[in-house]
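Colleague: The following block contains a protein sequence and its predicted model.
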Amino acid sequence: MVDKLVETVAITGANGFIGSALTRRLVEQGIAVRAIVRNSADLSRLEGIPVTVVEANVLEPRTLRRVFAAADGVIHAVGKLGQFGVPEDSYHELHVGGTRNVLEAILALDEQPRILYVSSPGVLGPVHGELSADETFPLVPGNAYERSKAAAEMMVQRYCDRLPIVIARPEFVYGPGDLHVLGLFKAVQNGQFFYIDGGLARCHPTYVADAADGMVKALLVGKPGEIYHITGPNPITFFELGRTIAQVLGVRRPFVTLSRGTALRMAGALERLSRRPPLSRDGVAFFADDRHFSWEKARRELDYAPQIDWRSGAALTAQWYQQQGLL
């Protein structure tokens, strides 16, 4: 049930893939949205969605004065996805510094809105064993992106005694409008995708509409101070991921497999040869490590129930890529 006290939500990063999906979901529920974006930001993902655009930069505190004043809720969704070559300081500046600036700006208001901070299950690092990681697992980040998100999440928790903050951790979000996973589809289409150690490691893809639904529920009815994993229905192996992409594209299934050691040596060589290598050592870790998470707490406390399984979501995503001329 929607909390009737939340009538206007301000979203940082509203023009991003996840931010625009959150915007769309809120508008569908009759909630007004203030889209907080940087000057000259690309607003194409917000086309056709009735929003009020407000220019501000989370890295410039002076621009944040009063931008949250008219909101009953705030979603802080600004983030930089992990990619090769980005200095670790850059992640920390945005995820830690930018988040602190947002929270300090909200603290200065006469009345504080409900706040949703968008984190990531990546803060837990790889998951060992059969048990899916829940929100009580310790933070063991494994790369620069994950370390910055873990540092930001720990900082956010220090504000929870002063602000009504809920933390959501959406995992491996994909779907129409996303360009980050496009490389996977292209690699399978071009016969360049391969498995590491047989593709037996598991990932946990989450269709974007499910992710947006779960995060909006976390904002509206989540308990302040709590963390919620927002994931797809089930984890899948990378073998299943590659095979399903091939099926929906109508191309040959991937069949090559490399050991983790061989893949790491190859990725290291590619990193030395290119500023944008097709495979990095962090990329190898992504395809070789288990990452699967429990969404039971979100089901129990938010009434969250993801609707789109991997095969259905992959088909919808491939269809969008093809309609856009990307595949």
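Modeller: Arrived safely, thanks for sending.
Colleague: all helices of the stretch 151-300 of the chain, in order?
Modeller: Ranges of helices within the stretch 151-300 of the chain are 182-189, 208-221, 238-249, 260-273, 281-288, 296-302, based on DSSP state H, counting those that start in this stretch.
Colleague: Render the CA-only coordinates of the third one in PDB, please.
Modeller: Pointing back at helix 238-249 there. C-alpha atoms of helix 238-249 as PDB (Å, rounded to 0.1, in the frame of the first residue of the first chain):
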ATOM      1  CA  PHE A 238      26.500 -18.000 -16.400                       C
ATOM      2  CA  PHE A 239      26.100 -21.100 -18.500                       C
ATOM      3  CA  GLU A 240      22.300 -20.500 -18.400                       C
ATOM      4  CA  LEU A 241      22.900 -16.700 -19.000                       C
ATOM      5  CA  GLY A 242      24.900 -17.300 -22.200                       C
ATOM      6  CA  ARG A 243      22.700 -20.100 -23.500                       C
ATOM      7  CA  THR A 244      19.500 -18.000 -23.000                       C
ATOM      8  CA  ILE A 245      20.900 -14.900 -24.700                       C
ATOM      9  CA  ALA A 246      21.800 -17.100 -27.700                       C
ATOM     10  CA  GLN A 247      18.300 -18.600 -27.800                       C
ATOM     11  CA  VAL A 248      16.500 -15.300 -27.800                       C
ATOM     12  CA  LEU A 249      18.900 -14.000 -30.500                       C
END
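Colleague: Averaged pLDDT, it. What do you get?
Modeller: The pLDDT scores in helix 238-249 average 97.
Colleague: could the helices of the stretch 151-300 of the chain go into a markdown table alongside distance to residue 196?
Modeller: Placement of C-beta: from N, CA and C, glycine included. Output for those, formatted as a markdown table (distance: least, C-beta to C-beta, whole Å):
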| stretch | distance to residue 196 |
| --- | --- |
| helix 182-189 | 13 |
| helix 208-221 | 26 |
| helix 238-249 | 7 |
| helix 260-273 | 5 |
| helix 281-288 | 5 |
| helix 296-302 | 29 |
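Colleague: who wins for proximity to residue 315 among these?
Modeller: Closest of the helices of the stretch 151-300 of the chain to residue 315 is helix 238-249, at 4.5 Å (criterion: C-beta to C-beta).
Colleague: contact partners of the closest one?
Modeller: 184-185, 188-189, 193, 195-196, 198-203, 205, 236, 252-254, 287, 310-311, 314-315, 318, 327 (C-beta atoms under 8 Å, 6 or more residues apart in numbering).
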